[in-house]
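[1] Show me how the following folds:
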Amino acid sequence: MASLSDAELLRQTMLFFDIEQRRLLVQHGPLTQSRMLLILLRHGALSQVELGRKLSLEKSWVSRAIDKLVEHGWVERTQSQKDRRAFNLTLTAAGDARARMLRTEIDRHASHVLERLAPDEQALVMQAIRLLDAVIERPETTPATHG
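    Here you go, the predicted structure:
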């Protein structure tokens, strides 16, 4: 088997890590809903449009997923004071607890991955990740795509 180029190795490693994280989240319900809860936990109250941008999802996908989160009692949707057509989203106490549980699960997974490395290797990997984090394009800057 031919060795992978640096670009292929980076792409494959990030993809496999993302797949593992998504598998963990799916065990707790629909992936999009879990991702929404995690984003609201990280960023606080957001408009429905802002949340859609952060997930790179179209408005209809966001609306349907938010409807489910509201039904579960995890998100409160209120009409914007500035724009009557817009809605603001906040986590309820139950939603905050659920989002924290989800974050704990995926953080635990990430820690287990790092623990497979020797301490000096962990430090090198974290240094490389910080460098990548400084240069990688954020999802908020990409155009919306289909869910």
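[2] pLDDT at the spatially most central residue of the chain, what is it?
    Closest to where the C-alpha atoms of the chain average out (CA atoms, centre = their mean) is Arg35, at 4.4 Å. For Arg35, the model assigns a pLDDT of 95.
[3] need the contact list for it.
    Leu25, Leu55 (CB atoms under 8 Å, 6 or more residues apart in numbering). Every C-beta, even on glycine, is put in place using the N, C-alpha and C of the backbone.
[4] That one and His109: what is the separation?
    Remark: distance between Arg35 and His109 (CB to CB, to the nearest Å) = 15 Å.
[5] Buried residues, the helix of greatest length in the chain. List them.
    Assignment by DSSP state H gives helix 93-115 as the longest helix of the chain. Buried residues in helix 93-115, counted by 16 or more other CB atoms under 10 Å: Gly95, Arg98, Ala99, Leu102, Glu105, Ile106.
[6] packing partners for that helix?
    helix 6-26, helix 31-43, helix 59-72, helix 119-135 (3 or more CB pairs under 8 Å, 6 or more residues apart in numbering; DSSP states H and E).
[7] Done for today, thanks.
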